[in-house]
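Peer 1: structure, please.
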Amino acid sequence: EVQLVESGGGLVQAGGSLRLSCAASGFTFDDYAIAWFRQAPGKEREGVSCISSSDGSTYYADSVKGRFTISSDNAKNTVYLQMNSLKPEDTAVYYCAAAIGRGVTTWDIIGPYDYWGQGTQVTVSS
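Peer 2: Numbers count the residues shown, from 1 in each chain. Below you'll find the model as predicted:
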C-alpha cells in the first residue's frame, strides 16, 4: 500500500523557516514525480514545487522561487521542502503528492498524481 506522510509543519513568524518532509512507502523509490501542493482556506489547491526522479529536475511556482527548495533522499524514501523567508501568504495546508512509475507533463495540476498525503498545517504570523 502506497503511503505518503507529511511532517514538519507548524507556526512560524514571517521571515522564518520550516522544512517539510514527505516520507513515502509502498513503492520502489526510484521512478516518481513528487510534488508539494498547498491549500489555503477558501482557495483552490495550488502546486508549489515538484521533483522528478528521472533526471532530478525541479519545478517551482513563481510565488516561491528563490525561497523554497525541494530535494529528495532516496536512501530515506523522503522528499523535503525547505521553506525560507516565509510570508503570511504562505499559510496553508501543505500536501505531498506522487505519480509513481512515470513522470508528469504538467506538474502543477492535481490530475497527474495518484497518491496524496494527509497534509500538514503551515501558519506564518505577521
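Peer 1: how close does the residue nearest the centre of the chain get to residue 118?
Peer 2: By C-alpha atoms, centre = their mean, the chain has its centre lying nearest to residue 36, at 2.1 Å. Here the criterion is C-beta to C-beta, to the nearest Å. By it, residue 36 lies 14 Å from residue 118. Any C-beta I mention is one placed from the backbone N, CA and C, and that applies to glycine too.
Peer 1: list the residues that contact both of these two?
Peer 2: residue 95 (C-beta atoms under 8 Å, 6 or more residues apart in numbering).
Peer 1: confidence score at the closest residue to residue 101 other than its chain neighbours?
Peer 2: Of all residues not flanking residue 101 in the chain, residue 31 sits nearest, at 5.3 Å (C-beta to C-beta, 6 or more residues apart in numbering). Here, the pLDDT recorded for residue 31 equals 90.
Peer 1: could you report the neighbour count for residue 31?
Peer 2: 14 (other C-beta atoms under 10 Å).
Peer 1: what's the answer for the one 10 residues further on, then?
Peer 2: The burial metric for residue 41, expressed as a neighbour count using other C-beta under 10 Å, is 7.
Peer 1: where do the strands of the chain begin and end?
Peer 2: Using DSSP state E, the strands of the chain run over residues 3-7, 10-13, 18-25, 32-39, 46-52, 58-60, 68-73, 78-83, 92-100, 115-116, 120-125.
Peer 1: ok, which of those strands comes nearest residue 106?
Peer 2: Nearest to residue 106 among those is strand 46-52; the distance by C-beta to C-beta comes to 8.9 Å.
Peer 1: just the pLDDT for the nearest residue to the residue nearest to the centre of the chain once chain neighbours are set aside.
Peer 2: Nearest residue to residue 36, sequence neighbours excluded (C-beta to C-beta, 6+ apart): residue 48, at 4.4 Å. Reading off the confidence values, residue 48 has pLDDT 98.
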